[in-house]
Structure formats: structure tokens, C-alpha cells
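Participant: this one's structure only:
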């Protein structure tokens, strides 16, 4: 077996000065689930407050205008607005969503998907590595299946 150097690997060095969340953030499913559960618990995990509930509420509030929403909407994001770095559900009917208003999350380029729902204190983390990532096919089905268990 031969290691093939990738264009992103050069940034994963102990002395790297470039940290890119969009091209270099990585985690295990367990760590990401702990993080997402902290957000769904209003900023606490294992009895320790790491983030204020009001900060999370601001983060998951739609910040797009009506004009901006028309550019953001596609078949995958229908029913969602955009908060501070996250998609956020603003219209369940439009999104054909069984999740809660204010459910929020984001996706990774290769298929990672997270859904965080403070009203249910519920979060879901899903990871796969595909190019193209087929997020529209997988993620909408994952959301429906996960929320149908509640």
C-alpha cells in the first residue's frame, strides 16, 4: 500500500498555521455527537456549561432577508433559512420536515451531516465519505427516519 498525498494533507501538520473549518475540520462520530448534544442541551454537557443558551438561540435564528432566502432555497434547503454558520428550519411544511422549527445544523463536503434540535434535546450525526456526496438523497431521508423515532 502506498500513501497518496492529498492537497489538504499539507495543512494537517503539528506546526500548521492555517486552520480551515471548511477544508480541514475533522472529528470522530463520537466527538461530533458530544458537541452536537451539547448544543441541543442549550450549551451544557455532563453538567458543565460551555456555551450560553441565548448564544445558541442567536446562532440558529434565520439572518437572511426575503431576497437572500430566494437565493438560498433549493430542493435540499427548502424550508430552511441561514443562521450564524448553520442552516435553520423556518418552515416545516415547505421543507416537508418532521423536525422542529429552529432545528439547525450543517453538512460537510464529503457527506457529514448534523441535525441539532434544542426543543427536543436531540441531535443526530451522520458521516460518510462520497464524492459527489449525494446529500440531497441521504440527508433528507436520515432526517425523516431519525425524527420518526421520537
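Facilitator: All right, it came through fine. For clarity, every value in this text was computed on a predicted model and none was experimentally measured. Numbering: from 1, shown residues only.
Participant: give the contact list for the nearest residue to residue 49 once chain neighbours are set aside.
Facilitator: Spatial nearest neighbour of residue 49, excluding adjacent residues (Cβ to Cβ, 6 or more residues apart in numbering): residue 43 at 5.6 Å. Bear in mind the C-beta positions are built from the backbone N, C-alpha and C, glycine included. With contact set as Cβ atoms under 8 Å, 6 or more residues apart in numbering, residue 43 has these partners: 49-53, 55-56.
Participant: would you turn these into JSON lines with neighbour count?
Facilitator: Listed next are these as JSON lines, based on neighbours: other Cβ atoms under 10 Å:
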{"residue": "49", "neighbour count": "12"}
{"residue": "50", "neighbour count": "12"}
{"residue": "51", "neighbour count": "15"}
{"residue": "52", "neighbour count": "12"}
{"residue": "53", "neighbour count": "13"}
{"residue": "55", "neighbour count": "13"}
{"residue": "56", "neighbour count": "23"}
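Participant: Which of these fall in helices?
Facilitator: 53, 55-56 (DSSP state H).
Participant: so which of those residues comes closest to residue 73?
Facilitator: Lowest distance from residue 73 to the ones in helices among the contacts of residue 43 (Cβ to Cβ) belongs to residue 56, with 24.0 Å.
Participant: Hmm, the closest one is touching residue 44, no?
Facilitator: No: the criterion here is Cβ atoms under 8 Å, and residue 56 misses it with residue 44 at 10.5 Å.
Participant: sorry, back to before: please report how far the residue nearest to residue 49 lies from residue 68.
Facilitator: Here residue 43 is placed at a distance of 28 Å from residue 68 (Cβ to Cβ, to the nearest Å).
Participant: Likewise for residue 85?
Facilitator: The value you get for residue 85 to residue 68, if Cβ to Cβ is used, is 15 Å.
Participant: Name the residue in these two with the higher neighbour count.
Facilitator: Set side by side, residue 85 and residue 68 show more neighbours around residue 68, with 13 against 10, by other Cβ atoms under 10 Å.
Participant: hmm, back to that, make JSON lines from the contacts of residue 43 and add distance to residue 127 and pLDDT to it.
Facilitator: Below are the contacts of residue 43 laid out as JSON lines (distance: Cβ to Cβ, whole Å; pLDDT from 0 to 100):
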{"residue": "49", "distance to residue 127": "27", "pLDDT": "97"}
{"residue": "50", "distance to residue 127": "22", "pLDDT": "97"}
{"residue": "51", "distance to residue 127": "23", "pLDDT": "96"}
{"residue": "52", "distance to residue 127": "28", "pLDDT": "96"}
{"residue": "53", "distance to residue 127": "27", "pLDDT": "95"}
{"residue": "55", "distance to residue 127": "26", "pLDDT": "96"}
{"residue": "56", "distance to residue 127": "22", "pLDDT": "96"}
